[in-house]
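Visitor: Below: sequence and its predicted model.
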Amino acid sequence: GVIFPDPCQPAFSLLNNFFAGGVPAEPDGSQQLILLGEPGSGKTSLLLMIRLMHQAEFWPKGYHCLLFKLDEHTLDRIAAVDNKAKTVLLLDALNEDKQARTRPLERLLPLLRAGEPFYRVIITCRSHFFPAMTPDSTGRLRIRALSGYNCPILYLAPFTAHQVRRILHKRLVRNTENYIGFQRFGVDRQKKKAARLLVGLGELGGRPLILQHIKSLLKIEAHRIRDAYTIYESLIQYWLEQQVDVLKESGCRCPPKRFELFNGYIRLARRMEEQGIREIGEKNLQEIFCEKAEICRFTHCSPEPALLRMSTKHTYRFTHTTYREFLLAHALIYDTRPFAAPLRATDQMVRFLDLACGITDYVNCLNLAEFNPFRYAEIYRTMFSWQDRLGRVRNRVVRGPEMIMLPGGRF
């Protein structure tokens, strides 16, 4: 039978055990693994590594691997797959699937039924979004009310302090590429500076998405980086400065200013949210950014890491969902144009608002139907609060007492 993963082990060791197990006699869900993690913890990257291992032929002969981003066409694509019994199916981002937004379990059950003929299935999802779980008699997590499916669950935890040190040692090495930039202070001093910065960020400093950009973070003034909101704000502004420089060097006749590019990305995030899309065609992208006809096709001049990446030919999407969530939160705070409808409140968007200036002024702008306050309090060790507006006195907003969300039921 399938070997269930045990906690506190390297992800690939657990996955090797998961893949090596036999085929269960009955379709009980034991061959379908749920991969959970926080934003930026590396869920999609892990699936991509599995897919690349297959393409590089580090894979048993006769077995196939398919990677799908979950959307309204996924079930049709799954049904059309040949030789399911010899195929590993990777389904990414349940939390971004529109059909899973209001009732995740009602979306998950058809996916599990469709995955029964496959050799193995892995489904990724953000921890906050996923249905409630409970430990069984052995301590392993199980999903409640899953109609008899007993799916193993793998939680992708942040890197440990030892792993962070190893990553810094590999990324900040003495070589010709970065020696000149670090010549004044030395690579060892930069490693210590990076370690202090990451320790100050707590659990956030152990996420791969943050560690991936440690060189960029070291070039930003330390006082600008305090929490998740200031990290993404600083990184995006830094990348846009680079983008403007590249546009100037490429011979752009009228290079945009940094704030013009930033406003363009906000318009893009708003358009995608209002239309419920995750990808946008090149022509529509040009229309959003090129308010001035002289601005050239910046997408072909973007330095790495770019906020956008080409998903298919002439189609773009945000490199990571968190960038879009930050831009939407920033638009709620600073953009004077109201949104046509309340924004779907994800855990990360609420966190950005809470860190920036609290959510008091934005509760009515958010659709909290899918927001799970229990998971928010569990992960961030805090419960966001707000104060109702009672009116204005001499241009001063009068607020009521501070309110916090309490879970329903017995407590």
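Guide: Cool, got the structure. This structure is a prediction, so every number in the text was calculated from the model and none was measured.
Visitor: Thought Leu67 was touching Arg77, still the case?
Guide: No - the pair Arg77 / Leu67 is not scored as a contact, 10.9 Å apart, by Cβ atoms under 8 Å. Just so you know, the C-beta spots here come from the backbone N, C-alpha and C atoms, and that holds for glycine as well.
Visitor: Looking at those two, which one has more neighbours?
Guide: Between Arg77 and Leu67, counting by other Cβ atoms under 10 Å, Leu67 is the more crowded of the two (17 against 14).
Visitor: so which strand or helix has that one?
Guide: For Leu67, the host element (DSSP states H and E) is strand 64-69.
Visitor: and that strand, how far from the chain's centre?
Guide: 19 Å (Cα atoms, centre = their mean, to the nearest Å).
Visitor: That strand - which strands sit beside it in the sheet, and in what orientation?
Guide: Strand 64-69 has its sheet partners listed here by DSSP bridges as strand 87-92 (parallel).
Visitor: mind saving the C-alpha coords of the strand it pairs with as CSV?
Guide: The C-alpha trace of strand 87-92 is given here as CSV (Å, rounded to 0.1, in the frame of the first residue of the first chain):
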residue,chain,number,x,y,z
THR,A,87,0.8,9.0,-14.8
VAL,A,88,1.6,11.3,-11.9
LEU,A,89,-0.8,14.2,-11.9
LEU,A,90,0.3,17.6,-10.4
LEU,A,91,-2.6,20.1,-9.7
ASP,A,92,-1.4,23.5,-8.6
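Visitor: Would you mind checking the average pLDDT for that strand?
Guide: Averaged over strand 87-92, pLDDT sits at 96.
Visitor: and the residue lying closest to Lys193 once chain neighbours are set aside, what does it touch?
Guide: Distance criterion Cβ to Cβ, 6 or more residues apart in numbering; nearest residue to Lys193, sequence neighbours excluded, is Leu218 at 6.4 Å. Taking Cβ atoms under 8 Å, 6 or more residues apart in numbering, we find Leu218 in contact with Gln190, Lys193, Ala194, Leu197.
Visitor: Under the pLDDT cut-off, which ranges of the stretch 1-150 of the chain? List them.
Guide: Residue ranges of the stretch 1-150 of the chain with pLDDT under 70: 1-8, 131-147.
Visitor: Quick one: the strands in it, in order.
Guide: 32-37, 64-69, 87-92, 120-126, 133-135, 141-143 (DSSP state E, counting those that start in this stretch).
Visitor: Helices along the stretch 201-350 of the chain, start to end?
Guide: Along the stretch 201-350 of the chain, counting by DSSP state H, counting those that start in this stretch, helices occupy 208-211, 214-218, 228-249, 258-275, 282-289, 321-334, 347-357.
Visitor: which other residues reach the third one?
Guide: In this case it means helix 228-249. 201, 204, 210, 213, 216-217, 219-220, 224-225, 255-258, 261-262, 265, 296, 298, 301-303, 305-307, 322-323, 326-327, 329-330, 348, 351-352, 355-356.
Visitor: That one to helix 258-275, inter-axis angle?
Guide: Relative orientation of helix 228-249 and helix 258-275, computed by axes from the mean of the first three to the mean of the last three Cα atoms, to 10 degrees: 120 degrees.
Visitor: Run the angle between helix 228-249 and helix 321-334 for me.
Guide: Here helix 228-249 points in a direction 100 degrees away from that of helix 321-334 (the same axes, to 10 degrees).
Visitor: ok, back up a step: can you give me the distance of the residue nearest to Lys193 to Gly29?
Guide: The gap separating Leu218 from Gly29 is 45 Å, by Cβ to Cβ, to the nearest Å.
Visitor: rewinding a little: and the strand holding Leu67, which residues are buried?
Guide: Within strand 64-69, the residues scored as buried using 16 or more other Cβ atoms under 10 Å are His64, Cys65, Leu66, Leu67, Phe68, Lys69.
Visitor: re the thing from before, roughly how far does the residue nearest to Lys193 sit from Gln190?
Guide: 6 Å.
Visitor: what do you get for Pro152?
Guide: Distance of Pro152 to Gln190, computed by Cβ to Cβ: 40 Å.
Visitor: Counting neighbours, go ahead and name the busier of the two.
Guide: Pro152 (23 against 19).
Visitor: quick one on the thing from earlier: how about the CA coordinates for the strand holding Leu67, as CSV?
Guide: C-alpha atoms of strand 64-69 as CSV (Å, rounded to 0.1, in the frame of the first residue of the first chain):
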residue,chain,number,x,y,z
HIS,A,64,4.5,10.2,-17.2
CYS,A,65,4.1,13.4,-15.3
LEU,A,66,1.6,16.2,-16.0
LEU,A,67,1.3,19.6,-14.3
PHE,A,68,-1.9,21.6,-14.5
LYS,A,69,-2.8,25.0,-13.0
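Visitor: and Ile277, how many neighbours?
Guide: 13.
Visitor: same thing with Leu343?
Guide: 21.
Visitor: now do Gly40
Guide: Residues near Gly40, counting by other Cβ under 10 Å: 22.
Visitor: can I see the domain layout of the chain?
Guide: Here the domain parsing of the chain from the TED database is 27-156, 159-175+189-219, 222-386.
Visitor: Out of those domains, which is closest to Gly400?
Guide: Nearest to Gly400, of all the domains of the chain, is domain 222-386, at 9.6 Å by Cβ to Cβ.
Visitor: And the average pLDDT for that closest one is what?
Guide: Per-residue pLDDT over domain 222-386 has a mean of 83.
Visitor: Next, the contact list for Tyr149, please.
Guide: The contact partners of Tyr149, taken as Cβ under 8 Å, 6+ apart, are Asp28, Gly29, Gln32, Leu109, Leu112, Ile143.
Visitor: how about those residues, which pair is most distant?
Guide: Farthest pair in the contacts of Tyr149, by Cβ to Cβ: Asp28 and Leu109, 13.7 Å.
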